[in-house]
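*Asks:* Take a look and give me a structure for this.
(4 chains)
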Number of protein chains: 2
Amino acid sequence: MRATRQRVRILESLSVLCDHPTAEQVHRQVVATDPTVSLGTVYKALDSFVAAGLITRVAAADGAARRYDADCSAHHHLYCPDTQEIIDYRDPQLDALIRDFFATRQLSGFQPQGFSLHITGTRPRLDDGQK
Amino acid sequence: MRATRQRVRILESLSVLCDHPTAEQVHRQVVATDPTVSLGTVYKALDSFVAAGLITRVAAADGAARRYDADCSAHHHLYCPDTQEIIDYRDPQLDALIRDFFATRQLSGFQPQGFSLHITGTRPRLDDGQK
DNA sequence: GTGATTGCAAAATCTTTGCAGGGAC
DNA sequence: GTCCCTGCAAAGATTTTGCAATCAC
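*Replies:* Numbers count the residues shown, from 1 in each chain, chains lettered A, B, ... in the order given. Below you'll find the model as predicted:
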(Lines give C-alpha, C1' and ligand atoms only; values in the text may rest on other atoms or scores of the structure.)
Protein backbone atom coordinates (compact mmCIF):
# COMPACT_ATOMS: atom_id res chain seq x y z
CA MET A 1 0.00 0.00 0.00
CA ARG A 2 1.35 3.33 -1.01
CA ALA A 3 2.18 5.82 1.69
CA THR A 4 0.70 8.97 0.27
CA ARG A 5 0.59 12.23 2.11
CA GLN A 6 -3.16 11.98 2.47
CA ARG A 7 -3.09 8.50 3.95
CA VAL A 8 -0.46 9.40 6.47
CA ARG A 9 -2.52 12.39 7.54
CA ILE A 10 -5.60 10.25 7.85
CA LEU A 11 -3.81 7.70 9.98
CA GLU A 12 -2.45 10.49 12.17
CA SER A 13 -5.91 11.88 12.59
CA LEU A 14 -7.24 8.48 13.56
CA SER A 15 -4.76 8.25 16.38
CA VAL A 16 -5.68 11.73 17.56
CA LEU A 17 -9.39 10.89 17.53
CA CYS A 18 -9.13 8.25 20.19
CA ASP A 19 -12.87 7.74 20.27
CA HIS A 20 -14.70 6.11 17.38
CA PRO A 21 -15.08 8.73 14.72
CA THR A 22 -17.27 8.80 11.65
CA ALA A 23 -15.74 9.38 8.24
CA GLU A 24 -16.96 12.95 8.50
CA GLN A 25 -15.18 13.49 11.81
CA VAL A 26 -11.98 12.03 10.43
CA HIS A 27 -12.22 14.38 7.49
CA ARG A 28 -12.70 17.40 9.72
CA GLN A 29 -9.62 16.43 11.70
CA VAL A 30 -7.55 15.86 8.57
CA VAL A 31 -8.61 19.15 7.01
CA ALA A 32 -7.43 20.98 10.11
CA THR A 33 -3.85 20.19 9.18
CA ASP A 34 -4.23 19.72 5.43
CA PRO A 35 -7.20 21.54 3.90
CA THR A 36 -6.85 20.01 0.44
CA VAL A 37 -7.80 16.46 1.41
CA SER A 38 -11.25 15.65 0.14
CA LEU A 39 -13.96 13.68 1.87
CA GLY A 40 -14.03 11.15 -0.93
CA THR A 41 -10.38 10.41 -0.37
CA VAL A 42 -11.05 9.87 3.30
CA TYR A 43 -13.69 7.30 2.44
CA LYS A 44 -11.39 5.54 0.00
CA ALA A 45 -8.49 5.57 2.42
CA LEU A 46 -10.59 4.26 5.29
CA ASP A 47 -11.78 1.46 3.03
CA SER A 48 -8.19 0.61 2.21
CA PHE A 49 -7.23 0.61 5.86
CA VAL A 50 -10.09 -1.67 6.75
CA ALA A 51 -9.15 -4.01 3.90
CA ALA A 52 -5.56 -4.00 5.09
CA GLY A 53 -6.65 -4.71 8.65
CA LEU A 54 -5.20 -1.50 10.03
CA ILE A 55 -8.51 -0.35 11.40
CA THR A 56 -11.95 -1.83 11.84
CA ARG A 57 -15.46 -0.69 11.44
CA VAL A 58 -17.30 -0.43 14.68
CA ALA A 59 -20.74 -1.87 14.84
CA ALA A 60 -22.82 1.02 16.09
CA ALA A 61 -26.37 -0.06 16.70
CA ASP A 62 -27.81 3.41 16.63
CA GLY A 63 -26.74 6.46 14.75
CA ALA A 64 -26.71 6.83 11.04
CA ALA A 65 -23.04 6.96 10.16
CA ARG A 66 -20.51 4.19 10.28
CA ARG A 67 -17.73 4.54 12.68
CA TYR A 68 -14.15 3.46 12.59
CA ASP A 69 -11.84 2.17 15.24
CA ALA A 70 -8.14 2.82 14.90
CA ASP A 71 -7.32 0.23 17.50
CA CYS A 72 -7.25 -3.27 16.10
CA SER A 73 -6.19 -5.11 19.20
CA ALA A 74 -9.07 -7.11 20.54
CA HIS A 75 -11.27 -5.18 22.85
CA HIS A 76 -14.86 -4.71 23.80
CA HIS A 77 -17.23 -1.81 23.72
CA LEU A 78 -19.31 -0.07 26.30
CA TYR A 79 -22.18 1.69 24.62
CA CYS A 80 -24.39 4.34 26.14
CA PRO A 81 -27.58 4.95 24.15
CA ASP A 82 -28.14 8.27 25.90
CA THR A 83 -24.89 9.89 24.90
CA GLN A 84 -24.19 7.75 21.80
CA GLU A 85 -20.76 7.18 23.24
CA ILE A 86 -18.73 4.11 22.47
CA ILE A 87 -15.96 3.41 24.91
CA ASP A 88 -13.25 0.84 24.54
CA TYR A 89 -13.07 -1.75 27.23
CA ARG A 90 -10.23 -4.14 27.67
CA ASP A 91 -10.14 -7.05 30.04
CA PRO A 92 -7.81 -10.01 29.56
CA GLN A 93 -9.69 -12.07 32.13
CA LEU A 94 -12.92 -11.60 30.22
CA ASP A 95 -11.18 -12.52 26.97
CA ALA A 96 -9.80 -15.68 28.49
CA LEU A 97 -13.17 -16.57 29.93
CA ILE A 98 -14.91 -16.36 26.59
CA ARG A 99 -12.08 -17.95 24.65
CA ASP A 100 -12.04 -20.91 26.99
CA PHE A 101 -15.77 -21.20 26.68
CA PHE A 102 -15.63 -21.54 22.91
CA ALA A 103 -12.64 -23.85 23.09
CA THR A 104 -14.75 -26.41 24.89
CA ARG A 105 -17.99 -25.71 23.06
CA GLN A 106 -17.71 -26.26 19.35
CA LEU A 107 -20.10 -24.37 17.12
CA SER A 108 -20.77 -26.87 14.41
CA GLY A 109 -19.89 -25.48 11.01
CA PHE A 110 -18.91 -22.06 12.26
CA GLN A 111 -15.25 -21.29 12.76
CA PRO A 112 -14.95 -18.42 15.21
CA GLN A 113 -12.12 -16.03 14.46
CA GLY A 114 -12.74 -13.33 16.95
CA PHE A 115 -15.32 -11.85 19.19
CA SER A 116 -16.32 -8.58 20.69
CA LEU A 117 -18.67 -7.96 23.54
CA HIS A 118 -21.03 -5.03 23.27
CA ILE A 119 -22.20 -3.94 26.65
CA THR A 120 -25.09 -1.52 26.76
CA GLY A 121 -25.60 0.60 29.80
CA THR A 122 -25.93 4.06 31.21
CA ARG A 123 -23.73 6.96 32.21
CA PRO A 124 -20.33 5.73 31.31
CA ARG A 125 -17.69 7.23 33.53
CA LEU A 126 -14.69 4.98 33.55
CA ASP A 127 -12.81 7.12 35.97
CA ASP A 128 -10.34 4.42 36.82
CA GLY A 129 -7.67 3.20 34.45
CA GLN A 130 -9.97 0.59 33.02
CA LYS A 131 -9.78 1.92 29.53
CA MET B 1 -49.41 2.52 20.39
CA ARG B 2 -52.12 2.29 17.82
CA ALA B 3 -52.60 -0.96 16.05
CA THR B 4 -52.97 0.18 12.49
CA ARG B 5 -53.25 -2.13 9.53
CA GLN B 6 -49.80 -1.11 8.33
CA ARG B 7 -48.11 -1.75 11.64
CA VAL B 8 -49.66 -5.16 11.97
CA ARG B 9 -48.47 -6.03 8.49
CA ILE B 10 -44.99 -4.82 9.28
CA LEU B 11 -44.81 -6.88 12.44
CA GLU B 12 -46.03 -9.91 10.53
CA SER B 13 -43.37 -9.37 7.92
CA LEU B 14 -40.71 -9.10 10.58
CA SER B 15 -41.63 -12.52 11.89
CA VAL B 16 -41.52 -13.97 8.39
CA LEU B 17 -38.09 -12.49 7.75
CA CYS B 18 -36.35 -14.48 10.43
CA ASP B 19 -32.95 -13.14 9.47
CA HIS B 20 -32.01 -9.54 10.10
CA PRO B 21 -33.65 -7.51 7.39
CA THR B 22 -33.04 -3.95 6.31
CA ALA B 23 -35.90 -1.49 6.18
CA GLU B 24 -35.95 -2.01 2.44
CA GLN B 25 -36.34 -5.76 2.81
CA VAL B 26 -39.12 -5.32 5.31
CA HIS B 27 -40.87 -3.02 2.89
CA ARG B 28 -40.60 -5.53 0.04
CA GLN B 29 -42.10 -8.20 2.24
CA VAL B 30 -44.94 -5.93 3.39
CA VAL B 31 -45.74 -4.80 -0.13
CA ALA B 32 -46.13 -8.41 -1.18
CA THR B 33 -49.29 -8.64 0.89
CA ASP B 34 -50.29 -4.98 0.95
CA PRO B 35 -48.99 -2.91 -1.97
CA THR B 36 -50.15 0.43 -0.61
CA VAL B 37 -47.76 0.58 2.34
CA SER B 38 -45.04 3.11 1.71
CA LEU B 39 -41.39 2.87 2.57
CA GLY B 40 -41.59 5.98 4.71
CA THR B 41 -44.23 4.35 6.83
CA VAL B 42 -42.02 1.31 7.27
CA TYR B 43 -39.25 3.53 8.58
CA LYS B 44 -41.58 5.33 10.94
CA ALA B 45 -43.13 2.11 12.17
CA LEU B 46 -39.75 0.47 12.72
CA ASP B 47 -38.70 3.51 14.71
CA SER B 48 -41.79 3.20 16.84
CA PHE B 49 -41.18 -0.48 17.41
CA VAL B 50 -37.60 0.17 18.46
CA ALA B 51 -38.74 2.93 20.81
CA ALA B 52 -41.35 0.61 22.26
CA GLY B 53 -38.78 -2.14 22.70
CA LEU B 54 -40.53 -4.55 20.37
CA ILE B 55 -37.54 -4.89 18.09
CA THR B 56 -33.93 -3.80 18.14
CA ARG B 57 -31.47 -2.44 15.70
CA VAL B 58 -28.71 -4.85 14.93
CA ALA B 59 -25.21 -3.51 14.94
CA ALA B 60 -23.93 -4.49 11.51
CA ALA B 61 -20.30 -3.58 11.13
CA ASP B 62 -20.28 -3.79 7.37
CA GLY B 63 -22.99 -3.01 4.89
CA ALA B 64 -24.58 0.34 4.37
CA ALA B 65 -28.09 -0.20 5.64
CA ARG B 66 -29.26 -0.63 9.17
CA ARG B 67 -30.79 -3.86 10.09
CA TYR B 68 -33.50 -4.79 12.47
CA ASP B 69 -34.01 -7.77 14.69
CA ALA B 70 -37.51 -8.86 15.53
CA ASP B 71 -36.32 -10.99 18.39
CA CYS B 72 -35.78 -9.02 21.54
CA SER B 73 -34.84 -11.84 23.84
CA ALA B 74 -31.19 -11.66 24.66
CA HIS B 75 -29.02 -13.41 22.17
CA HIS B 76 -25.71 -13.16 20.42
CA HIS B 77 -24.70 -12.88 16.82
CA LEU B 78 -22.48 -14.91 14.59
CA TYR B 79 -21.26 -12.76 11.75
CA CYS B 80 -19.65 -13.95 8.55
CA PRO B 81 -17.89 -11.16 6.63
CA ASP B 82 -17.83 -13.26 3.47
CA THR B 83 -21.55 -13.78 3.17
CA GLN B 84 -22.65 -10.75 5.22
CA GLU B 85 -24.85 -13.10 7.15
CA ILE B 86 -25.88 -12.44 10.71
CA ILE B 87 -27.04 -15.49 12.59
CA ASP B 88 -28.66 -15.53 15.98
CA TYR B 89 -26.91 -17.52 18.60
CA ARG B 90 -28.41 -18.39 21.93
CA ASP B 91 -26.61 -19.99 24.81
CA PRO B 92 -27.83 -19.69 28.39
CA GLN B 93 -24.55 -21.03 29.74
CA LEU B 94 -22.65 -18.29 27.95
CA ASP B 95 -25.08 -15.71 29.25
CA ALA B 96 -24.65 -16.91 32.80
CA LEU B 97 -20.88 -16.95 32.43
CA ILE B 98 -20.74 -13.32 31.34
CA ARG B 99 -23.40 -12.15 33.75
CA ASP B 100 -21.54 -13.71 36.65
CA PHE B 101 -18.36 -12.12 35.47
CA PHE B 102 -19.80 -8.64 35.60
CA ALA B 103 -21.53 -9.33 38.87
CA THR B 104 -18.16 -9.74 40.54
CA ARG B 105 -16.32 -7.13 38.54
CA GLN B 106 -17.77 -3.68 38.89
CA LEU B 107 -17.21 -1.25 36.08
CA SER B 108 -16.81 1.98 37.93
CA GLY B 109 -19.34 4.52 36.77
CA PHE B 110 -20.86 2.35 34.11
CA GLN B 111 -24.08 0.54 34.85
CA PRO B 112 -24.37 -2.44 32.49
CA GLN B 113 -27.88 -3.16 31.35
CA GLY B 114 -27.31 -5.81 28.76
CA PHE B 115 -24.73 -7.32 26.53
CA SER B 116 -24.39 -9.03 23.22
CA LEU B 117 -21.47 -10.99 21.93
CA HIS B 118 -20.53 -10.53 18.31
CA ILE B 119 -18.58 -13.49 17.06
CA THR B 120 -16.86 -13.09 13.72
CA GLY B 121 -15.94 -16.15 11.76
CA THR B 122 -16.25 -18.04 8.54
CA ARG B 123 -18.71 -20.27 6.74
CA PRO B 124 -21.55 -20.38 9.16
CA ARG B 125 -23.47 -23.60 8.87
CA LEU B 126 -25.29 -24.17 12.08
CA ASP B 127 -26.67 -27.49 11.02
CA ASP B 128 -27.56 -28.53 14.52
CA GLY B 129 -30.33 -27.03 16.56
CA GLN B 130 -28.02 -24.41 17.95
CA LYS B 131 -29.96 -21.55 16.54
C1' DG C 1 7.19 4.98 -16.83
C1' DT C 2 3.43 2.52 -14.59
C1' DG C 3 -0.19 1.80 -11.92
C1' DA C 4 -2.28 3.15 -7.74
C1' DT C 5 -4.27 7.30 -5.67
C1' DT C 6 -6.33 11.84 -5.56
C1' DG C 7 -9.91 15.54 -6.12
C1' DC C 8 -13.96 16.77 -7.80
C1' DA C 9 -18.56 16.32 -8.77
C1' DA C 10 -22.31 13.61 -9.88
C1' DA C 11 -24.91 9.69 -8.72
C1' DA C 12 -26.55 6.21 -5.87
C1' DT C 13 -28.22 4.83 -1.30
C1' DC C 14 -30.36 5.27 2.75
C1' DT C 15 -33.11 7.88 6.05
C1' DT C 16 -35.76 11.73 7.75
C1' DT C 17 -39.17 15.33 7.45
C1' DG C 18 -43.40 18.19 6.34
C1' DC C 19 -47.91 18.24 5.53
C1' DA C 20 -52.62 17.21 4.18
C1' DG C 21 -55.84 13.53 4.55
C1' DG C 22 -57.52 9.41 6.98
C1' DG C 23 -58.24 6.07 10.60
C1' DA C 24 -58.00 4.19 15.51
C1' DC C 25 -59.71 4.88 19.74
C1' DG D 1 -64.07 14.39 17.77
C1' DT D 2 -59.23 14.11 18.72
C1' DC D 3 -54.88 13.02 17.82
C1' DC D 4 -51.85 9.79 15.97
C1' DC D 5 -50.64 7.63 11.75
C1' DT D 6 -50.21 7.28 6.71
C1' DG D 7 -48.69 8.35 1.97
C1' DC D 8 -46.27 11.07 -0.85
C1' DA D 9 -42.63 13.64 -2.26
C1' DA D 10 -38.95 16.43 -1.30
C1' DA D 11 -35.00 17.16 1.38
C1' DG D 12 -31.17 15.60 4.03
C1' DA D 13 -27.48 12.62 5.10
C1' DT D 14 -24.15 9.25 3.92
C1' DT D 15 -21.45 6.64 0.78
C1' DT D 16 -19.90 5.22 -3.78
C1' DT D 17 -18.32 5.94 -8.43
C1' DG D 18 -16.11 7.79 -12.81
C1' DC D 19 -12.46 10.02 -14.72
C1' DA D 20 -8.59 12.95 -15.73
C1' DA D 21 -4.58 14.58 -13.35
C1' DT D 22 -1.07 13.46 -10.06
C1' DC D 23 2.12 11.04 -7.29
C1' DA D 24 4.75 7.06 -5.15
C1' DC D 25 7.60 3.68 -6.41
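
*Asks:* Pull the residues that contact the helix or strand A:Q29 falls within.
*Replies:* Under the criterion of DSSP states H and E, A:Q29 resides in helix A:23-33. Contacts to helix A:23-33, defined as CB atoms under 8 Å, 6 or more residues apart in numbering or on different chains, come from residues A:6, A:9-10, A:12-14, A:16-17, A:21, A:37, A:39, A:42-43, A:46, A:65-66, A:68. Every C-beta, even on glycine, is put in place using the N, C-alpha and C of the backbone.

*Asks:* List the buried residues of the top strand by length along chain A.
*Replies:* Across chain A, the longest stretch assigned as strand under DSSP state E is strand A:111-122. Of the residues in strand A:111-122, A:112, A:115-121 count as buried by neighbour count, 16 or more other CB atoms under 10 Å in any protein chain shown.

*Asks:* Make a markdown table out of the residues you listed and add pLDDT.
*Replies:* Below are the buried residues of strand A:111-122 laid out as a markdown table (pLDDT from 0 to 100):
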| residue | pLDDT |
| --- | --- |
| A:P112 | 85 |
| A:F115 | 89 |
| A:S116 | 88 |
| A:L117 | 90 |
| A:H118 | 87 |
| A:I119 | 88 |
| A:T120 | 85 |
| A:G121 | 84 |
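
*Asks:* Those: which two are farthest apart?
*Replies:* Spanning the widest gap among the buried residues of strand A:111-122 are A:P112 and A:G121, at 25.0 Å by CB to CB.

*Asks:* so where do the strands sit in chain A?
*Replies:* With DSSP E as the criterion, chain A has strands spanning A:56-58, A:67-69, A:76-80, A:85-89, A:111-122.

*Asks:* Serialize those strands to a markdown table and add fields for distance to B:C80.
*Replies:* Output for those, formatted as a markdown table (distance: least, CB to CB, whole Å):
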| stretch | distance to B:C80 |
| --- | --- |
| strand A:56-58 | 15 |
| strand A:67-69 | 20 |
| strand A:76-80 | 20 |
| strand A:85-89 | 23 |
| strand A:111-122 | 10 |
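
*Asks:* Using a markdown table, please lay out those together with distance to DNA strand D.
*Replies:* A markdown table is the format used below for the strands of chain A (distance: least, CB to the nearest atom of the strand, whole Å):
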| stretch | distance to DNA strand D |
| --- | --- |
| strand A:56-58 | 9 |
| strand A:67-69 | 8 |
| strand A:76-80 | 17 |
| strand A:85-89 | 14 |
| strand A:111-122 | 18 |
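
*Asks:* Many thanks, we can stop here.
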